[in-house]
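Novice: turn this into a structure:
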Amino acid sequence: MKVISTEKAPKAIGPYSQAYVHNGMLYTSGQIGINPETDAVAGDTIEAQADQVCKNIGMILEEAGTSFDKVLKTTCFLSDMGDFATFNEIYAKYFTSKPARSCVAVKTLPKNLLCEIEVIAVVEE
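Specialist: Next comes the predicted model:
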């Protein structure tokens, strides 16, 4: 197993890694809308936070040697399902290959953020 860690995405806020690669697969931890340069929440809207989450995922994918088009599965968490349509607009800009996906509403997310995404992707070793 190989730990994936990059300064271009927010550091873990708990006892976990940003991601792992094992047997040609990348498994990320859930990523939230924290700007890694400022360590601050990217904004108070679903648009701003979802965009930052996707940027963070992109940096982890890059560090692992893969990309958005190699993502097989995402799991998305929203604090308000009323944000579903807007979230999808941002998500669709990044996940153009339309990976398999689950999207659920949760009571709260870390730092009271509006969304979180985790991915499973292929890594060509």
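Novice: just give the nearest non-adjacent residue to Gly43, would you?
Specialist: Gln49 (6.2 Å; Cβ to Cβ, 6 or more residues apart in numbering). Every C-beta, even on glycine, is put in place using the N, C-alpha and C of the backbone.
Novice: quick check: the one you found touching Leu114?
Specialist: Yes. Using Cβ atoms under 8 Å, Gln49 is in contact with Leu114, at 4.9 Å.
Novice: who touches both of those two?
Specialist: Common contacts of Gln49 and Leu114 (Cβ atoms under 8 Å, 6 or more residues apart in numbering): Gly33.
Novice: for the residue nearest to Gly43, give its distance to Tyr91.
Specialist: Note on Gln49: its distance to Tyr91, by Cβ to Cβ, to the nearest Å, is 12 Å.
Novice: who has more neighbours, these two?
Specialist: Remark: of Gln49 and Tyr91, Gln49 carries more neighbours, 25 against 21, as counted by other Cβ atoms under 10 Å.
Novice: quick one: contacts for that one?
Specialist: Ile32, Gly33, Val41, Ala42, Gly43, Leu113, Leu114, Cys115 are the contacts of Gln49 under Cβ under 8 Å, 6+ apart.
Novice: repeat that with 7 Å
Specialist: Gly33, Ala42, Gly43, Leu113, Leu114, Cys115 (Cβ atoms under 7 Å, 6 or more residues apart in numbering).
Novice: beyond the helix or strand harbouring it, next helix or strand please.
Specialist: Using DSSP states H and E, Gln49 sits within helix 46-64. Sequence-wise, the next helix or strand downstream of helix 46-64 (DSSP H and E) is strand 71-78.
Novice: residues of that next one that come out buried?
Specialist: Val71, Thr74, Thr75, Cys76, Phe77, Leu78 (16 or more other Cβ atoms under 10 Å).
Novice: turn these into TSV, including pLDDT.
Specialist: Shown next, in TSV, are the buried residues of strand 71-78 (pLDDT from 0 to 100):
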residue	pLDDT
Val71	98
Thr74	98
Thr75	98
Cys76	98
Phe77	98
Leu78	98
